[in-house]
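Trainee: return a 3D structure for these sequence lines:
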Amino acid sequence: MIGVFSYTVILTYLSFISACLGIAFSLNQSGYPYIGVFFLLFCGLCDAFDGKVASSKKNRSVFEKKFGIQIDSLADLVAFGVLPMCIGIAVYRSSFFINDFILSHMDSWGVYFFRFFVFGIFLFYALAAMIRLAYFNVTEEERQKKESGARKTYTGLPVTSSALIFPSLLLLNYLTSLDLSLLYIGGLLITGFLFLLKFQIKKLDTKGIMMLVSLGIVELLILIFVGGGVR
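Mentor: Numbering: from 1, shown residues only. Prediction:
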């Protein structure tokens, strides 16, 4: 069989499978955004450790390394580009504020314009994530030709940050008992721009990564034990 099936890519494959399940649940019927965000958090958890797992194998071939880089970006596009967009579609579909307050007070043209605008934001976010990942791949390849070791900074906001941003917005929506659907949609727009803006952000060290992982686990536990019955 073609491809790599060693333990070095298992977390990347699990992240991709989790993202696909999250997309399926998010788009099912009127949408289940809280189930979708559960899978997004799991994708973030896998991403936090996939690099360390891969680098633990000392005798990886050049093909295995290049395959790992490519498969990681492809999985990240689905997990942190497409899945948050699909969760946004579920938020839009299931929002009382949007459907029973905003759209109900618009004429047909206003409804069409609003939907066009919102779905434009969804598409912009996914496109921005794809561009960000392609840019990172090219610049990282060029960097590795000039210097060794891991990079110390990123240009633009890494797409993996969506694994904390959007669960936080949805949990805020649940814990405050408010319909903050427009906040989530606005978060997609702002995050998409941050993917593309040319600014430097310091790469987290192991301590920083563990702090973010801990935050993600807390959000996951809240989602399971406190918000387990929400859609």
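Trainee: for the residue nearest in space to the middle of the chain, what are its contacts?
Mentor: Residue closest to the mean C-alpha point of the chain, counted by C-alpha atoms, centre = their mean, is residue 80 at 2.3 Å. Contacts were defined as C-beta atoms under 8 Å, 6 or more residues apart in numbering; by that measure residue 80 touches 40, 43, 44, 47, 129, 159, 160, 162, 163. The C-beta positions use only the backbone N, C-alpha and C, and glycine is treated the same way.
Trainee: where in this protein is pLDDT low?
Mentor: Counting by pLDDT under 70, the low-confidence segments of the chain come to 144, 148-151, 224, 226-231.
Trainee: which parts of it are strands?
Mentor: In chain order, the chain shows strands spanning 153-155, 200-202, with DSSP state E as the criterion.
Trainee: quick one: closest of the ones you listed to residue 194.
Mentor: The stretch from the strands of the chain with the least distance to residue 194 (C-beta to C-beta) is strand 200-202; that distance is 9.3 Å.
Trainee: distance between the closest one and the chain's centre?
Mentor: If you compare the mean C-alpha spot of strand 200-202 with that of the full chain, they lie 19 Å apart, counting by C-alpha atoms, centre = their mean, to the nearest Å.
Trainee: cool, and stretch 78-86?
Mentor: In terms of C-alpha atoms, centre = their mean, the centre of stretch 78-86 is found 5 Å from the chain centre.
Trainee: for stretch 126-138, same thing?
Mentor: On the basis of C-alpha atoms, centre = their mean, stretch 126-138 sits 13 Å off its chain's mean C-alpha point.
Trainee: and if you look at stretch 79-96?
Mentor: Between the mean C-alpha point of stretch 79-96 and the mean C-alpha point of its chain there is a distance of 11 Å (C-alpha atoms, centre = their mean).
Trainee: next, the buried residues of that stretch.
Mentor: Neighbour-count burial for stretch 79-96, counted by 16 or more other C-beta atoms under 10 Å, picks out 79-95.
Trainee: just to revisit the earlier point, can you redo the strands of the chain as TSV with mean neighbour count?
Mentor: Rendered in TSV, the data for the strands of the chain read as follows (neighbours: other C-beta atoms under 10 Å):
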stretch	mean neighbour count
strand 153-155	14
strand 200-202	10
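Trainee: distance to residue 53 added to the ones you listed, as CSV?
Mentor: Compiled in CSV, the strands of the chain are given as follows (distance: least, C-beta to C-beta, whole Å):
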stretch, distance to residue 53
strand 153-155, 21
strand 200-202, 23
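Trainee: of those, which is nearest residue 22?
Mentor: Evaluated with C-beta to C-beta, the strands of the chain place strand 153-155 nearest to residue 22, the distance being 24.4 Å.
Trainee: quick one, longest helix in the protein?
Mentor: Of all the elements of type helix in the chain, the one with the most residues (DSSP state H) is helix 108-146.
Trainee: now for it, which elements pack on it?
Mentor: For helix 108-146, the packing partners by 3 or more C-beta pairs under 8 Å, 6 or more residues apart in numbering; DSSP states H and E come out as helix 62-76, helix 83-94, strand 153-155, helix 181-196.
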